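Colleague: sequence plus predicted model, see below.
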Amino acid sequence: MAPRGETRERVLRTAAELFQRQGYHGTGLNQVLAESRAPKGSLYFHFPEGKEQLASESVALAGREVGDSLAEAVLAAGDARSGLAAMGGYFAQNLLDSDFAKGCPVATVALDSAAESEPIRAACDTVYGEWRQGIALALRGWGVPDDRAEPLAATVLSSLQGAIMLARVQKDTTVIDTVTAHLADLVEQTTTR
């Protein structure tokens, strides 16, 4: 028998993967249990509020992991152009690695269920807020004035999210490269004023 925390973690990670690939409504609890090899009773033991809690927590987990990866990519970059390219490259590689089956772990769930579930909406909002703050911090480090960093971070995040969606639909990551190059131009214009 697996330790209690191990089963919970396995169910959570399996759910995050399935929600990212299939969305909230396309993922059934029986599928999560089967693919995580978890006993049927474990789901409500670990997630007493059911699928909604599982989705909220899986979005938070996936969001933290993506945020950490993005921060690592940005920290390794020397300037805004290479930092934005690294962010786009991270998402592009994930699309390529999954043969375009997996989009953004937050957007897939948000588009599918945030309007009908306050806990899921709040989890998505929290993750996006953390990403936006991280981007704003990077922008400040690249010379963007404080008063411009937050609005520009929102532009970067929303542009990247749109590019990820288009790349997934088109099965081509070129749009991500195009968008990050234009975002870099915008950031450079902002820092030279």
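Modeller: Structure received. Note that the structure is a prediction, hence the values are computed from the model and not measured. Numbering: from 1, shown residues only.

Colleague: count of neighbours near L54?
Modeller: Look at L54: counted by other C-beta atoms under 10 Å, it has 24 neighbours. Backbone N, C-alpha and C define where each C-beta goes, glycine included.

Colleague: chain neighbours aside, what residue packs nearest to it?
Modeller: Once its chain neighbours are removed from consideration, L54 has its nearest residue in F47; the separation is 4.6 Å (C-beta to C-beta, 6 or more residues apart in numbering).

Colleague: do T14 as well
Modeller: Using C-beta to C-beta, 6+ apart, the closest residue to T14 is S36 (3.7 Å).

Colleague: same question, E150
Modeller: A136 (5.2 Å).

Colleague: so who does the one you found touch?
Modeller: Contacts here follow C-beta atoms under 8 Å, 6 or more residues apart in numbering; on that basis A136 touches A149, E150, L152, A153.

Colleague: on that earlier part again, quick check: phi and psi at the residue nearest to L54.
Modeller: Dihedral pair for F47: phi -130, psi 70, per degrees, to the nearest 10.

Colleague: repeat that for G28.
Modeller: With angles defined as degrees, to the nearest 10, G28 sits at phi -100, psi 150.

Colleague: how near is it to F45?
Modeller: Distance, G28 to F45, using C-beta to C-beta, to the nearest Å: 18 Å.
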